[in-house]
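Student: below are the sequence and a predicted model for it; my questions follow.
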Amino acid sequence: MPGATRTAIGVTGNQGAVDPTRFENLPGVAEAIRVSKPYKLITLDIRPEKTVVRVGDATIGGDELAIIAGPCAIESRAQAFAVAEAVRRSGARFFRGGAYKPRTSPYAFQGLGEEGLKILAEVRDTYGLKIVTEAMDEAGVDLVEKYGDMIQIGARNMQNFTLLKHAGRSRLPVLLKRGLSATLDEWLLAAEYIMSEGNYNVVLCERGVRTFAQHTRNTLDLASIPAVRRISHLPVVVDPSHGTGKNYMVIPLACAGVAVGADGLIVEVHDQPEKALSDGAQALTLEQYEQLIQEVRPIHESGSARNPLVKIRDQPANPNSAGPLNSFPKSLTLVCLSGMVRAIQGVSRSCSQPRCSLSLPLRRKESHES
Ligand code: PEP
Ligand code: MN
């Protein structure tokens, strides 16, 4: 797994513990780390920096808030285009829409199938939006590869291990929804299934879980966002549509999702929600969608501003140090997070590259100095 400064190689499949010294002495190996947790590839242990998933020229997990918007299901060319036009206008890069719908009732609208995928491909060609659409089985993965840009694995299929493995062999990135009653570990292990087949482009999606609540369709578990962050380098987005099931709750919960640090949102939008063939109650109108974008963007921007402008990179301890007092670092490296280091300790420097760094020599403050 390539990283900013080193490449991590995950060794999986061993039945028991393997002696790390067997690897440490190999040429080119800096360090061998034993990962004792059930997941290996999703963890920050193996990749300390966040993964940015690339979908063509769009990204999820980078500095930009990823917006994936569109109807629950593709119902017609006219409907898809009416919504896509508004999505494109908002500046979003991703269009969602199901061609194969996992419905509770076999009598409910099941999606247009391949015809829906063809409409999605037309949307992509017309508006340049990246297409995110669900695959319910292995044949579906192959069809999404043909017409779309990102495979959605739905909540009901989060533990369909055959499907996960098949998606793991796809060239397309995967949006993995959290199962209806999945624990954090189960969700992360589902991502591990995909990655263990070689596809490292996985985005997690919190879409709510089943609880005793009667005021919502699902309970959107926003605590899962910081919980994922603490364990995994994978990006995570929030779905306030399925997470609430209620149109009037979508904007507030979208704002909350962005405020807790989600990398993006996936939201359902319909040009005529009252006529929607699925999930009409949670669909935003085109006007409400525009409103959502106006509300979430400043929250994302102020979130970036709340984060430090610069991050202090760990300094190696002075190798000549004899004790804690002598382990004072000789220099401090500031990593610019926002593209501009303005004035730090009297040093004024600007830079055009985000995440470039600046090293400052440090001098221990003597006790007589005030
Ligand atoms: C959907 O995105 O329309 C959908 C069916 O989502 P979920 O799998 O989260 O229920
Ligand atoms: Mn839906």
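Tutor: Looks like it arrived, so ask away. Ligands and ions are numbered 1, 2, ... in the order given.
Student: list the contacts for the closest residue to ligand 1 within the chain?
Tutor: Sorted by distance to ligand 1 under C-beta to the nearest ligand atom, the residues of the chain start with Gly154, at 3.0 Å. Every C-beta, even on glycine, is put in place using the N, C-alpha and C of the backbone. Neighbouring residues of Gly154 by C-beta atoms under 8 Å, 6 or more residues apart in numbering: 102, 134, 136, 177.
Student: the first one touches Gly140, doesn't it?
Tutor: No - Pro102 is beyond contact range of Gly140, at 10.6 Å (criterion: C-beta atoms under 8 Å).
Student: assumed Ala191 was part of a helix.
Tutor: Yes - in this structure, Ala191 lies within a helix as judged by DSSP: H, G, I helix; E, B strand; the rest coil.
Student: roughly how far apart are it and Ala30?
Tutor: Distance check for Ala191 against Ala30: by C-beta to C-beta, to the nearest Å, it reads 26 Å.
Student: between those two, point out the one with more neighbours.
Tutor: With neighbours defined as other C-beta atoms under 10 Å, Ala191 and Ala30 compare such that Ala191 has more, 25 against 9.
Student: correct me if wrong: the more buried one contacts Leu234.
Tutor: Yes - under the criterion of C-beta under 8 Å, Ala191 lies in contact with Leu234, with a separation of 6.2 Å.
Student: so what's in contact with the two at the same time?
Tutor: With contacts defined as C-beta under 8 Å, 6+ apart, the residues adjacent to both Ala191 and Leu234 are 42, 202, 204.
Student: in strands, which of those appear?
Tutor: Using DSSP state E, the members of these that fall in strands are 202, 204.
Student: what about Ala281, how many residues nearby?
Tutor: For Ala281, the tally of surrounding residues (other C-beta under 10 Å) stands at 15.
Student: wait, a helix at it?
Tutor: Yes - applying three-state DSSP, one finds Ala281 inside a helix.
Student: show me what contacts it?
Tutor: Under the criterion of C-beta under 8 Å, 6+ apart, the contact list for Ala281 reads 245-247, 273.
Student: who wins for most neighbours among the residues you listed?
Tutor: For these, neighbours were counted using other C-beta under 10 Å, and Pro273 has the most, 20 neighbours in all.
Student: I'd guessed it sits against Gly280; true?
Tutor: Yes - checked against C-beta under 8 Å, the pair Pro273 and Gly280 is within contact range at 4.8 Å.
Student: quick one: mean pLDDT for stretch 116-133?
Tutor: Confidence over stretch 116-133 (mean pLDDT, whole number) is 98.
Student: before we move on, the earlier item: tell me the pLDDT of the residue of the chain closest to ligand 1.
Tutor: We note a pLDDT of 98 for Gly154 in this prediction.
Student: report how many residues lie close to the nearest residue to Ala86 once chain neighbours are set aside.
Tutor: Take Ala86 and drop its neighbours on the chain: the residue closest to it by C-beta to C-beta, 6 or more residues apart in numbering is Leu286, 4.5 Å away. Other residues lying near Leu286 total 19 when counted by other C-beta under 10 Å.
Student: before we move on, the earlier item: need phi/psi at the residue of the chain closest to ligand 1.
Tutor: Backbone geometry at Gly154, expressed as degrees, to the nearest 10, gives phi -80, psi 160.
Student: pLDDT, distance to Trp187 and secondary structure for the contacts of Ala281 - can I get that in JSON lines?
Tutor: Supplementary listing: the contacts of Ala281 in JSON lines, determined by pLDDT from 0 to 100; distance: C-beta to C-beta, whole Å; DSSP: H, G, I helix; E, B strand; the rest coil:
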{"residue": "Gly245", "pLDDT": "98", "distance to Trp187": "20", "secondary structure": "coil"}
{"residue": "Lys246", "pLDDT": "98", "distance to Trp187": "24", "secondary structure": "coil"}
{"residue": "Asn247", "pLDDT": "98", "distance to Trp187": "26", "secondary structure": "helix"}
{"residue": "Pro273", "pLDDT": "98", "distance to Trp187": "29", "secondary structure": "helix"}
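Student: between those, which is nearest ligand 2?
Tutor: Each of these was scored against ligand 2 by C-beta to the ion, and Gly245 proved nearest at 9.4 Å.
Student: lovely, talk soon.
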